[in-house]
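Asker: predicted model and sequence below, questions to follow.
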Amino acid sequence: MQDEKIIDDDHVECPLYGKVVNIDRCVDIHDVVHRIRIPSILSKEILEIENFREICWNCPHHHFD
């Protein structure tokens with residue numbers, strides 16, 4: 001997914017899910033990556049991705065610029 005984009009104020013294209021997701025899911029992963037929240041809040045689908053933290057960190061939406 002080369003061209004991740006913000007769909008609207010409530011949805012973004014997520015490279016981990018491989019689809020458009022609600023911004024709440026994005027923020028949950030972001031918080032786990034920054035160790036603000038515990039990983040168990042995430043779905044098994046995300047936790048099974050070995051390098052999910054790195055993928056999230058490198059996502060264009062990660063820093064909400």
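Answerer: The structure has been received and is ready for your questions.
Asker: every contact and neighbour count from this point should use C-alpha atoms.
Answerer: Fine.
Asker: ok but I46 is inside a helix, no?
Answerer: Yes. I46 sits within a helix when classified using DSSP: H, G, I helix; E, B strand; the rest coil.
Asker: show me what contacts it?
Answerer: 16-17, 52 (C-alpha atoms under 8 Å, 6 or more residues apart in numbering).
Asker: what mean pLDDT does stretch 30-39 get?
Answerer: Confidence over stretch 30-39 (mean pLDDT, whole number) is 96.
Asker: next, count neighbours for the closest residue to N22 other than its chain neighbours.
Answerer: Leaving aside its chain neighbours, N22 sits nearest to H11 (4.5 Å; criterion: C-alpha to C-alpha, 6 or more residues apart in numbering). Using other C-alpha atoms under 10 Å, H11 has 16 neighbouring residues.
Asker: and if you look at H30?
Answerer: H30, neighbours per other C-alpha under 10 Å, totals 19.
Asker: in this structure it contacts I55, no?
Answerer: No. Between H30 and I55 there is no contact under C-alpha atoms under 8 Å: 10.5 Å.
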